[in-house]
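A structural model of the following input is requested.
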Amino acid sequence: MPEGFSIGPLFVRFYGIILMSGAVAGAFLARREAKRRGYDPEIVWDIFVYLLVGGIIGARLWHILTPSPSTGVTAAWYFSHPLDALAVWKGGLGIPGAIIGGLIALWVYSQRTGINFAEWTDIGAPGLALGQAIGRWGNFFNQELYGAPTNLPWKLYIDPAHRLPGYFDVEYYHPLFLYESLWNLMNMFLLLWISRRFASSLKTGDLFLTYLIVYPLGRFLLDFLRLDASLVAGININQTVMGIVAIGAALTLYLRHRKV
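Numbering: from 1, shown residues only. This next block holds a predicted model:
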């Protein structure tokens, strides 16, 4: 499967094109949500630059600090090979880091401009889910983010060069990237529905808290199918963090709305 195409001396990777497409699609949805809430939708494009930079930096740092065993490298190796640490076009971006980096970037922007940080996390939440749903297809072209072997009708063929050690003779796997893409798409529709159906009872920040319940829950469950989970001190760090975030967000949402 081709990973990209050449334009003269430049090799353009489908991975990068799809990630950027997801980011832009998410921005357009956020623009629509901002307008619906009475804000100038052009603010989204100003924020977009901050989020893009913060998200990429955060995503790459997360990958560097928690590399998958299949990469064959460790965090220490990246620190001694800084040029490889910067090679985001080869893949290796961690969603948890992207979210953290994006939130930091949005907070910086809110401090500089005076916008309501929590409200803009709500505005951006459905677009974030949409961006993830699209962006996960970049993993398809890189032949990464697949799960355990399977013979289900929607099984995914993986080229021998991209198979994990111990699975060289296994051809078909669970398409984890597809599962996560569909989960994120469902999350987007859920957030859009909640924002309209319960508009009168939602507090500022509730929608983003809902995102922090739904997405981590899906990621936590899907990680049980993952063959090359990132391990820190022998613990699946992504699954563990996702579980903590989902529980923390659910508890926060409950406490905000409980009747005392």
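
how much space between residue 4 and residue 23?
The gap separating residue 4 from residue 23 is 18 Å, by C-beta to C-beta, to the nearest Å. C-betas here are computed from N, CA, C, even on glycine.

higher neighbour count, these two?
Using other C-beta atoms under 10 Å, the more surrounded residue of residue 4 and residue 23 is residue 23, with 22 against 16.

can you tell me the closest non-neighbouring residue to the more buried one?
In space, residue 23 comes closest to residue 131 once its chain neighbours are excluded; the distance is 5.3 Å by C-beta to C-beta, 6 or more residues apart in numbering.

the one you found sits in which helix or strand?
Assigned by DSSP states H and E, residue 131 belongs to helix 117-135.

can I get stretch 21-41 in CSV? Just the C-alpha atoms.
Extracted C-alpha coordinates of stretch 21-41, given in CSV (Å, rounded to 0.1, in the frame of the first residue of the first chain):
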residue,chain,number,x,y,z
SER,A,21,-7.8,17.3,6.7
GLY,A,22,-9.2,16.2,10.1
ALA,A,23,-7.9,19.3,11.8
VAL,A,24,-9.5,21.6,9.2
ALA,A,25,-12.8,19.7,9.2
GLY,A,26,-12.9,20.1,13.0
ALA,A,27,-12.2,23.8,12.7
PHE,A,28,-15.1,24.2,10.3
LEU,A,29,-17.4,22.5,12.7
ALA,A,30,-16.1,24.6,15.6
ARG,A,31,-16.7,27.7,13.5
ARG,A,32,-20.3,26.6,13.0
GLU,A,33,-20.8,26.0,16.7
ALA,A,34,-19.2,29.4,17.6
LYS,A,35,-21.6,31.1,15.2
ARG,A,36,-24.6,29.2,16.7
ARG,A,37,-23.6,30.5,20.1
GLY,A,38,-23.3,34.1,19.0
TYR,A,39,-19.6,34.4,18.6
ASP,A,40,-17.6,35.7,15.7
PRO,A,41,-16.7,32.5,13.8
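
show me where pLDDT drops low in this structure?
Scanning the chain with the threshold set as pLDDT under 70 gives 1-2, 70-77, 81, 83-85, 87-91, 260.

from residue 139, how far out is the most centrally placed residue in it?
By C-alpha atoms, centre = their mean, the mean C-alpha position of the chain lies nearest to residue 95, the distance being 3.6 Å. For residue 95, the distance to residue 139 equals 11 Å [C-beta to C-beta].

could you do residue 99 as well?
Distance of residue 99 to residue 139, computed by C-beta to C-beta: 17 Å.

do residue 221 as well
Residue 221 is 18 Å from residue 139, by C-beta to C-beta.

looking at the two, which is more packed in?
Counted by other C-beta under 10 Å, residue 221 and residue 139 do not tie: residue 139 has more neighbours, with 22 against 14.

by contact count, what packs against the helix or strand hosting that one?
Assigned by DSSP H and E, residue 139 belongs to helix 137-142. In terms of contacts (3 or more C-beta pairs under 8 Å, 6 or more residues apart in numbering; DSSP states H and E), helix 137-142 is packed against helix 14-36, helix 176-197.

nearest to residue 232, out of those?
For residue 232, the closest of the helices and strands packed on helix 137-142 is helix 176-197, at 20.1 Å, according to C-beta to C-beta.

what residues sit buried inside the closest one?
By neighbour count with 16 or more other C-beta atoms under 10 Å, helix 176-197 contains the buried residues 176-181, 183-185, 187-188, 191-192, 194-195.

output the contacting helices and strands for it.
helix 117-135, helix 137-142, helix 206-222.

just the CA atoms of the shortest one, as PDB, please.
What follows is helix 137-142, C-alpha atoms only, in PDB (Å, rounded to 0.1, in the frame of the first residue of the first chain):
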ATOM      1  CA  TRP A 137      -7.400   7.100   8.700                       C
ATOM      2  CA  GLY A 138      -3.800   8.200   8.500                       C
ATOM      3  CA  ASN A 139      -3.000   5.100  10.500                       C
ATOM      4  CA  PHE A 140      -4.600   3.000   7.700                       C
ATOM      5  CA  PHE A 141      -2.100   4.300   5.200                       C
ATOM      6  CA  ASN A 142       0.800   3.800   7.600                       C
END
